[in-house]
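>>> Here's a sequence, model it:
(4 chains)
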Number of protein chains: 4
Amino acid sequence: MAGSVFGKCFTITTWGESHGPGLGVVIDGCPAGLALSEEDIQIYLDRRKPGQTDISTPRKEADKVRILSGIFEGETTGTPISLMVENTSQKSSDYSEIAFYYRPGHADYTFDQKYGFRDYRGGGRSSARETIGRVAAGAVAAKLLKTIGIEIYAYVRSIGPITISDTNFDREAVLKTPTCMPDYEASQKAEQYLKACMQEKDSSGGMIECRIHGMPAGIGEPVFRKLDAALGQAIFSIGAVKAVEIGDGCMAALAKGSENNDAFVVSDGKVWKKTNHAGGILGGISDGSEILLRAYIKPTPSIFQKQQTVNKDGENITVEIKGRHDPVIVPRAVVVVEAMTALTVVDLLFENMYAKTDRIIEFYQ
Amino acid sequence: MAGSVFGKCFTITTWGESHGPGLGVVIDGCPAGLALSEEDIQIYLDRRKPGQTDISTPRKEADKVRILSGIFEGETTGTPISLMVENTSQKSSDYSEIAFYYRPGHADYTFDQKYGFRDYRGGGRSSARETIGRVAAGAVAAKLLKTIGIEIYAYVRSIGPITISDTNFDREAVLKTPTCMPDYEASQKAEQYLKACMQEKDSSGGMIECRIHGMPAGIGEPVFRKLDAALGQAIFSIGAVKAVEIGDGCMAALAKGSENNDAFVVSDGKVWKKTNHAGGILGGISDGSEILLRAYIKPTPSIFQKQQTVNKDGENITVEIKGRHDPVIVPRAVVVVEAMTALTVVDLLFENMYAKTDRIIEFYQ
Amino acid sequence: MAGSVFGKCFTITTWGESHGPGLGVVIDGCPAGLALSEEDIQIYLDRRKPGQTDISTPRKEADKVRILSGIFEGETTGTPISLMVENTSQKSSDYSEIAFYYRPGHADYTFDQKYGFRDYRGGGRSSARETIGRVAAGAVAAKLLKTIGIEIYAYVRSIGPITISDTNFDREAVLKTPTCMPDYEASQKAEQYLKACMQEKDSSGGMIECRIHGMPAGIGEPVFRKLDAALGQAIFSIGAVKAVEIGDGCMAALAKGSENNDAFVVSDGKVWKKTNHAGGILGGISDGSEILLRAYIKPTPSIFQKQQTVNKDGENITVEIKGRHDPVIVPRAVVVVEAMTALTVVDLLFENMYAKTDRIIEFYQ
Amino acid sequence: MAGSVFGKCFTITTWGESHGPGLGVVIDGCPAGLALSEEDIQIYLDRRKPGQTDISTPRKEADKVRILSGIFEGETTGTPISLMVENTSQKSSDYSEIAFYYRPGHADYTFDQKYGFRDYRGGGRSSARETIGRVAAGAVAAKLLKTIGIEIYAYVRSIGPITISDTNFDREAVLKTPTCMPDYEASQKAEQYLKACMQEKDSSGGMIECRIHGMPAGIGEPVFRKLDAALGQAIFSIGAVKAVEIGDGCMAALAKGSENNDAFVVSDGKVWKKTNHAGGILGGISDGSEILLRAYIKPTPSIFQKQQTVNKDGENITVEIKGRHDPVIVPRAVVVVEAMTALTVVDLLFENMYAKTDRIIEFYQ
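Here you go, the predicted structure:
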C-alpha cells in the first residue's frame, strides 16, 4: 500500500489538498452493525476546526462531513465508508507567491524534490487540512472502541514553557479552554504566552499527552507491529511531531532498573501493576493498565518575521510570509492524536482476534 | 502481513527464540547483483554479541551466520535470502523457575495474556536474541545503501546520567570503547557507573543517537509512511525503547518558530540549510541534510534485587532473578538501531523510485 | 489492507453502493507529472454505461466523473487522486421486495451470512455499479501505461455459443458493435441469440479475451506475485468471472511438451518466441511477447422466469424478479477486464524497478 | 510485501533454490495452542516427493523437515514457525550446460531478463522444489483448518486425454494410484499414456480438482479479496498452472441464467442449494456449500527431444535437455494445490473474524 493508506485490518485511505474541491477518507474494514451518523463524525471534526478563539487563525472553515457510502438505515454495512468534507473558504490568492520559494520549516522544498512540482496553494497535501480525513476516520474508530469499553482522550500538557503539573482532572475540562489544557490557570498563562508570540510575529510549540482507558491486555503484535511501534508510526505521521514517548519516555533512560520496573500485584483476583512507568506496554503488548503516550510538536513554521530562504531559481532571498496562520497548532492537534491512536488500537484489536487456536475454534463453532 | 514481517519492498521476516534450535531472517525483495558474503553479515552480528567486556553478561554466544539461499557465485540473485544463526550456548535450566511467575518489566505476563502460554526459556521470542534476525538483515540493507553512498552509524550518547557532549568524533571511536561511547573519558565514567549498578544488583538505561549520511532529498511517503513515521515504527519496535526523537525532538516543543525554523541557503548551486533542527526531515520527506534520530532505552529489567511480583497461581510473591544478564543493554543495541534504520531507508528508497512519471518512462525506455 | 484495497504500489480503494449517494475510488501511489483530465477517465466510464443498445438494460446512468484531488494544473501531483461519480438514476422502490428473500445466483444470501444484514437496494455493494471505481482507476493506469508504450485491449470473444474465430481485427472494431465483438457477423448472430434469451426471460454468459501489447520482459514477482497470479486475482475479483486462462489455458493440460513449448529464436538481435502458447508469461514473469488472457463470465443471474428460493424467514418460496437487467453483462465487462489488467500491470511495473542493484545505483546517481 | 510473501494474517515467506543448502518457509501469524509435530508436516512433504513410481523422475529426495522455531512443548506459541528442508541429493553437474542457453518453456530467459543473471543449477528458484515451503506451510494450515471442521482434498482429474468421470470416490483412493487419480482403471490408462510419452521423449499436462468440505458461509472479502480472487492468485502462483476454474468454470459462459442459477431451498431449518454450479461462492463469499476449483497444468517443459532455442550469446541453437525429469508433474502438484488452498482459506477465515460489530464485542467481553 502507498503512503496515504493506514492500517492493515481497519484500513483508511485519506485524500485531498488544502485548496482542492475537498478532502476525505475511505475506511475499508469497518465491521457491520455499528450505529453511525454524520453527527458522530462532526463532533470530532469540530474539535479540529480553526477560527474559534483569539489564539488561532481567523480563517473560518465549515468542514461539514458527508457520508457517501457504507451506511444503511443508520448502521455500517461492512462495506467501505467514504467520508467527504468540501473545501469552502479557501482563497488561493493568499498563497500565490509561495509558489516561487521554499518556506523554512515547511515541506515546499521536499515536495518539489520528490515530485518535481507541487500544489502550492495553502501547502497542498502538506497542509494541516490533510488531517481532516484522519479525524473523520478516527471518530468512527473511537465509536467502535467505545462499544468494547475503550476510551481515548488527549489534552495539551504544555505550550512553550507553560505546563500543567496535575493530571488528575475532569475530562470535560479539556474542552473548556481554548488551549485544550485541562487547567484554567495554566491555560490563561499559555494564552498570554501565545499573544506575546503573536506580537513578536513568532509561534510556539507544545506537548500533547494521550491516554487509553479500558485497554484489554494482550494487544500488540511482536516484533514489528508491537503496540508501541504501531503507535510510534501513527503519531510520528502527524505533521510537526518531533518526538514520541511511551510511559516514562526519555526519563526511563536515566532511571535504574529498580526504579523503572513496575511490580505486579494481585488483589481481588486481578493482576495490577503498582506503578506504570511502562505506560501500559510490556514487550510491545498491552498489559491491561492505562496506555500513556506523549507527542512533542514543533512551533508553527509560518511566522510573519523576515526569514532567509531560497527561491525556485536558486537565489538567496528574504521573505515575509503572509496569510492566516495559527501561532500554535498544538490545541488543534489534540483530536488528531486521539484519532491516530484510535485507528491504531482498532487495527491491533482486530489482529489479536486470531492469536489463539481455541478462540478461533470457539468463533467458528 | 503478521507482526514479524517488516518492510513493504525490502521485506524481512524474522524468526526464532532464545532457546530453540536457532534464529534467523528471510529477506525478500533484495535486488539482484549485490556482492554479499557471510563475512559482511558476521561483522554486524559480532557487534551485538555479549560476553565481550566486564560490563556485559558473561554468556558466550558464537552467533555464526549461515547464508541458506539467495546468493549465487557471491552475488544476490533477487530471490529470498535466508540467514540463520544456530543457538549453541543456551542452558534452559537457568530459566526453569521463571516459568511460574511474571518478571517485572518483562513480557512474561503480556505473552501469557496474549497467547495463553509462552516459551519461558530465556524469554523465548521476547529475548534480546530476537534482534539477531534484524541485525543480519540490516547488514544486507547497509551494504546495499553503501553502493549508493548512504551510511548509517549510531553510538551511545548517554548511559544513566553520564553523557557525551561533543559529537564531533571519529567514527572508529565508537568501536573502541566497551560502552560504544565515542569519548574515552565519558566511557570510563559510564563503566564506573555501571559497575556501581552491578554492585547494587541494579541496572541502567541510556540513549543512542543515530545519523544517516548521504541521504538524498525526496525520501519518505506522506502521509502515513513519512520517513519519520517509518523510522518511528522501526525504532520503537526494538525492545526497551521508550522514546524516539527526530532532530531537536522534545526540545522543539519548547522552541519558538523563529528558533526552530532552518533557513534555506544556496551556495555553489546547492541548496543547504543553515541549521538542522528538523533532523533532515520536512513534511515527512528527507531534505538532503543529515538525518538525526535518538532512541531512549530503559534499564535492563532483569536485576538481582528482591522484587515483588505475581505467580501463575495468582499469588503475591517475592523473587530474586538469577542468570546472566547485562547491567545495560544500550551498547549492544547500537547495531540494532543501525539495522532498523537501514532497513527503513532501503524500503523507502525503493518506494520513491516510482514517484515521478518521467523517471518511470526513462527507466522503461 | 482490507478487501476493497487493491495494489501494493499503485494502490486503489473503491467505495460505493448501487443506491447510495455515489461511487468512487481513491488512487494512492500514482506518480507525479502525468497529464490527466476528467475526459481521460470519462471515456472509459462511458464504455461501461448501460442503456446504450437494445440488448442492454434500459436504465440510464449518467456516470459523470469528478476529480476531487491529486491534480494541479492538469497534472498528477503524486498525492492521492480521489474520483467520484454521483448516483442519479437510482430508484430504490424497484428493489424493495428483494429485501426479504435471496435471489438465486446473487450475493444476497452470502452478504447476510457475512455481515448480518445488507443494503439490498440494487444489490448494494455487490451491484455491477461497484465496477465504476475500478474502471475510473483503470483509466488512469492505462494512461500511465501508454506513456511507456504498453496498451491493453479486450473484446468479447463469445456470447453463449456464438464465437468469433478470427482474432486479426482492427482494434476500433471492438467499439463498433453493441456486443463488443470485433466481427460484425458474429455480433449480429449474438444479438439475435440475446433477443431470443430475452424472450425466454433468460440470460447468457460469454467470454472476454484481453491482450497486453508492448509489455517489457521481466515483469512479475515470483513466487506469489507472479504476473499470472496477480492477473488471476485481478480478473477473478470481477463479479461473475468463473474461469481465467493464460495463453493456451485449459488446452495446455491436453497438450504434450513438444506441442506446448515455445521455441526461442533470434532475429535482428532480438529474442522472439516462434509461438506463444505461454501467453507471454514464463515462470510468472513476462517474456516480452504479447500477454493473452481470457475471462469466462456466467450468465446474468437476474432473470424474469419463476425461480425457487428461500426468504429471510427461512421459507421455501417462488419468485419472479422484476427491474431492469441486462440479458448479458459480458460486453459491459470488457472495459472492467481492461481496467483490472492495467491496474495489475502498473503495480508490477513499479515493483520491478528495484529488482537489480545496478539500476538502483543508476537511479540514485 | 515482496513476491515470496503470501497471506495477510497467516503470512508465509518461502525461500530456497533447487541446489542451495536447503529450502524452507517462515509462517508468521499462526495462532498459539495448535498441537504440531514434524510428523504432521512430513506427511504432506512425502506426498510431493519424486522418485516413487516409474512415471516420475528417478531422483531421490529425502526432504526431511525440521522445525526451527515457534513450537514449545508440542504446541505452537504464536511466534513465527520456521521450517527447513536440507537439499541432499542435488548434483549441480547435471545442469551446468543450461547456464548458457534458455530452455523452451522454462523461466531461464525471463529470470535473466528480470535479474540480470540466475542460479541456473536445477532451475534455481524456479525449480519445482520451490514448492517445498508452500507444502510445509500448507500442512500447518490444513491442521488448523481441521480443528474447525474444514477439510481440503485434491486429486488428478485428467492426464493428457485420460480423464475420470466419476467423482464419487473414497478419499483414500487418491493416495493409492501413482497418478493420484482416484480411479484405478483411468490411472492405469494414464500410466500407459505417460510411458508412451516417455518413449517419445515427450511429456504430458493434466488437470487437478480440489474440494473444500465444511466451509462455513461468509468467508471472502469483497471486492478484491473475494474468496475466488484469493484462490485465483494462490493457484495461479503455482508454476505451470495455465487456467483456473471455480464451479462450472468455462462452461458457465455457455450456459443460460436459468441453467446456471442454483436454487436455494430450506430443509430441516437449513438453507441449501439444489445444485452447485457456483462452486460454493456467490459474490466472492462462501455460501456454505462445497467449494470446487480446478487447476489446468501444462506439460513438463523439460523434454528430451531436440529443441530450437537461443543461447546467451544471442545465437540460434538446437539443444537436447538432459537430466532427470518427470514426464508429468500433475500428480506431484496435487498436494501443492491443497496447500495453497489451505493457506488461502485460513487467511480469509481470520480476516472474517472482525466482520461484525457484535462478534467483536462478544470476543472482547
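>>> contacts, neighbours, all on C-alpha from now
Fine.
>>> Let me see the ranges of the helices in chain A.
A:38-48, A:108-115, A:131-147, A:184-199, A:227-236, A:257-260, A:330-351, A:357-363 (DSSP state H).
>>> Just name the most buried of the ones you listed.
Comparing these by mean neighbour count (mean count of other CA atoms under 10 Å in any protein chain shown), helix A:227-236 ranks first with a mean of 30.
>>> returning to what we had before: just tell me which of the helices of chain A ends up closest to residue B:176.
When these are compared by CA to CA, helix A:257-260 sits nearest residue B:176, at 26.5 Å.
>>> Whether the closest one contacts chain B - can you check?
Yes - using CA under 8 Å from any CA of the partner chain, helix A:257-260 reaches chain B at A:257-258, A:260.
>>> which one among those gets closest to chain C?
Ranked by distance to chain C (CA to the nearest CA), these are led by residue A:260 at 37.2 Å.
>>> which intervals of chain A have sub-threshold pLDDT?
A:1, A:51-52, A:57-59, A:90-95 (pLDDT under 70).
>>> what's near enough to touch the nearest residue to residue A:279 once chain neighbours are set aside?
Excluding the flanking residues, the one nearest residue A:279 by CA to CA, 6 or more residues apart in numbering or on different chains is residue A:247, at 3.4 Å. Residue A:247 is in contact with A:276-280, A:291-293, B:242, counting by CA atoms under 8 Å, 6 or more residues apart in numbering or on different chains.
>>> For residue A:247, grab phi and psi.
phi 60, psi -130 (degrees, to the nearest 10).
>>> Quick one, which of the helices of chain A gets closest to residue D:357.
helix A:131-147 (7.8 Å).
>>> by contact count, what packs against that closest one?
For helix A:131-147, the elements it packs on are strand A:11-16, strand A:22-28, helix A:38-48, strand A:81-86, strand A:151-159, helix A:330-351, judged by 3 or more CA pairs under 8 Å, 6 or more residues apart in numbering or on different chains; DSSP states H and E.
>>> name the helices or strands packed onto the third one?
Judged by 3+ CA pairs under 8 Å, 6+ apart, the packing partners of helix A:38-48 are strand A:65-67, helix A:131-147, helix A:330-351.
>>> and if you look at the longest one?
Identification of packing neighbours for helix A:330-351 by 3+ CA pairs under 8 Å, 6+ apart yields helix A:38-48, helix A:131-147, strand A:151-159, strand A:206-213, helix A:227-236.
>>> touching chain D at all, the shortest one?
When you say that, I think you mean strand A:206-213. No - applying CA under 8 Å from any CA, one finds strand A:206-213 separated from chain D by no less than 14.4 Å.
>>> Strand partners (parallel or antiparallel) of that strand?
Note on strand A:206-213: by DSSP bridges, its sheet partners are strand A:151-159 (antiparallel), strand A:291-297 (antiparallel).
>>> wait, doesn't residue A:305 sit right on residue A:202?
Yes - with contact defined as CA atoms under 8 Å, residue A:305 counts as touching residue A:202 (7.0 Å).
>>> got any residues that touch both of these two?
Residues touching both residue A:305 and residue A:202 by CA under 8 Å, 6+ apart: residue B:258.
>>> Compare these two (neighbour count), which wins?
Each of residue A:305 and residue A:202 has its neighbours counted (other CA atoms under 10 Å in any protein chain shown); residue A:202 has more, 23 against 15.
>>> Find the residue closest to the more buried one in space, skipping its chain neighbours.
residue A:303 (5.4 Å).
>>> Next up, the contacts around residue A:287.
Residue A:287 is in contact with A:216-218, A:280-281, B:109-110, counting by CA under 8 Å, 6+ apart.
>>> Leaving aside the residues adjacent along the chain, what's closest to it?
Nearest to residue A:287 is residue A:217, by CA to CA, 6+ apart, at 4.5 Å.
>>> Repeat that for residue A:129.
In space, residue A:129 is closest to residue A:18, 5.7 Å off (CA to CA, 6+ apart).
>>> can I assume the one you found is in contact with residue A:123?
Yes - contact criterion CA under 8 Å: residue A:18 and residue A:123 qualify, at 6.6 Å.
>>> First-to-last residue distance for stretch A:311-321?
One end of stretch A:311-321 to the other measures 13 Å (CA to CA, to the nearest Å).
>>> and the residue lying closest to residue A:89 once chain neighbours are set aside, what does it touch?
Excluding its sequence neighbours, the residue lying closest to residue A:89 (CA to CA, 6+ apart) is residue A:61, at 6.0 Å. By CA under 8 Å, 6+ apart, residue A:61 lies in contact with A:49-51, A:87-89.
>>> Return the member of those nearest to residue D:338.
Comparing the contacts of residue A:61 against residue D:338 with CA to CA places residue A:87 closest, at 52.3 Å.
>>> what residues does chain A put near chain D?
Residues of chain A lying near chain D (CA under 8 Å from any CA): A:9, A:29-34, A:78, A:144, A:147-148, A:216, A:350-351, A:353-358, A:361, A:363-365.
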